[in-house]
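> sequence isn't available, so here's the structure alone:
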């Protein structure tokens, strides 16, 4: 079974929730970028969150970017998602190695440390919507919970997890986003807070192989859960030789002529999927002629 997300409501619409399984997506990212275990966990969490937040968007052409800039050794993470379940991302430094944290887990917080989280929504308007918050823990789920509450005034709980095999491939990945609507009653708020306080960690649920539907039933079954929609999700990059060629043309004629003078082919790699595109000297001359 491939990766997918579900959207649901509970408590007669007072709670909205998203959950997903993302193992294949995160494993694809690991393979493409050859990430270390702690970077796989960090990037995998952000990919999972990005996919679910993309699922929240309404427009066919809407785009979401989650960007972390941090002082930790990973330096930064970037994830882009659309409203159709396509997501891609990369880490600035993919090979960070750190000892486990105090709980014996992968030290994602240590890999990121202090920094900022930018949430950029391009909804087809004149300017994109940009929200920003500081990293509180570097654990990503906690930081997104803080972002939703402070930048979007939406009380939320974000749980994200990535489990690794001993051979450093991805065993399980997934997560959830639970949000309270503005009209939620105090009773529902109190009951939900109590439930979230007593729940297991996301990785505990993932380790048992629960599906997104089973996870939501476990968390919100007592609130009258109603699953509304399911959507497939996957790591997907829309780069192409043509798009890279346009980027090369944009560097300017002087730079292109300098490349030709070196008489060597150049290789350009896509940040998001690490695909390499080679352009010969003749290709570069053709690009110069076309740019006249």
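Yes, it's here. Keep in mind the model is a prediction, meaning the values are calculated, not measured. Residues are numbered from 1 along each chain as shown.

> how about residues contacting stretch 131-151?
42, 45-46, 49, 68, 70, 72, 108-120, 152, 154-160, 175, 177, 179, 202 (CB atoms under 8 Å, 6 or more residues apart in numbering). In short, each C-beta sits where N, CA and C put it, glycine included.

> quick one, which of those residues are buried?
42, 45-46, 49, 68, 70, 72, 108-112, 115, 117, 119, 155-160, 175, 177, 179, 202 (16 or more other CB atoms under 10 Å).

> restricted to helices, list the contacts of stretch 131-151.
42, 45, 46, 49, 108, 109, 110, 111, 112, 202 (DSSP state H).

> residue 273: which of those residues is nearest?
Closest approach between the ones in helices among the contacts of stretch 131-151 and residue 273, by CB to CB: residue 46, at 15.6 Å.

> and the pLDDT at that closest one?
The score at residue 46 is 98. That number is its pLDDT.

> I'd say it and residue 90 touch.
No. Using CB atoms under 8 Å, residue 46 is not in contact with residue 90, being 10.2 Å away.

> please enumerate the shared neighbours of those two.
Joint contacts of residue 46 and residue 90 (CB under 8 Å, 6+ apart) are residue 77.

> what about stretch 255-264, distance to the chain center?
Centroid separation between stretch 255-264 and its chain, computed with CA atoms, centre = their mean, to the nearest Å, is 37 Å.

> can you give me the buried ones in it?
Those would be 256, 259, 260, for stretch 255-264 by 16+ other CB under 10 Å.

> let me see the contact set for the last one.
It stands for residue 260. 281, 284, 285, 288.

> swap in the second one?
By CB under 8 Å, 6+ apart, the contact set of residue 259 is 266, 284.

> so it, which state does it fall into?
Using DSSP: H, G, I helix; E, B strand; the rest coil, the structure places residue 259 in helix.

> roughly how far does it sit from residue 282?
Per CB to CB, to the nearest Å, residue 259 is found 12 Å from residue 282.

> just send the ones in helices among the contacts of stretch 131-151 back as TSV, with distance to residue 228 too.
Putting the ones in helices among the contacts of stretch 131-151 into TSV (distance: CB to CB, whole Å) gives the following:
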residue	distance to residue 228
42	30
45	25
46	25
49	20
108	31
109	34
110	38
111	35
112	33
202	22
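
> what pairs with the lengthiest strand in the chain, parallel or antiparallel?
Longest strand of the chain, by residue count under DSSP state E: strand 170-180. The pairing partners recorded for strand 170-180 under DSSP bridges are strand 15-21 (antiparallel), strand 156-164 (antiparallel).

> which residues touch the very next helix or strand once past it?
Using DSSP states H and E, the helix or strand that directly follows strand 170-180 along the chain is helix 186-198. Outside helix 186-198, the residues within contact range by CB under 8 Å, 6+ apart are 11, 14, 15, 155, 157, 178, 180, 219, 220, 222, 223.

> so what's the first one up against?
Spelled out, it's residue 11. 184, 188, 192, 220, 223, 224 are the contacts of residue 11 under CB under 8 Å, 6+ apart.

> now do the third one
Residues in contact with residue 15, defined by CB under 8 Å, 6+ apart, are 9, 178, 179, 180, 181, 184, 188, 192, 220, 223.

> for residue 34, give me phi and psi.
Dihedral pair for residue 34: phi 50, psi 50, per degrees, to the nearest 10.

> I'd like the distance between it and residue 206.
From residue 34 to residue 206 the distance is 23 Å (CB to CB).
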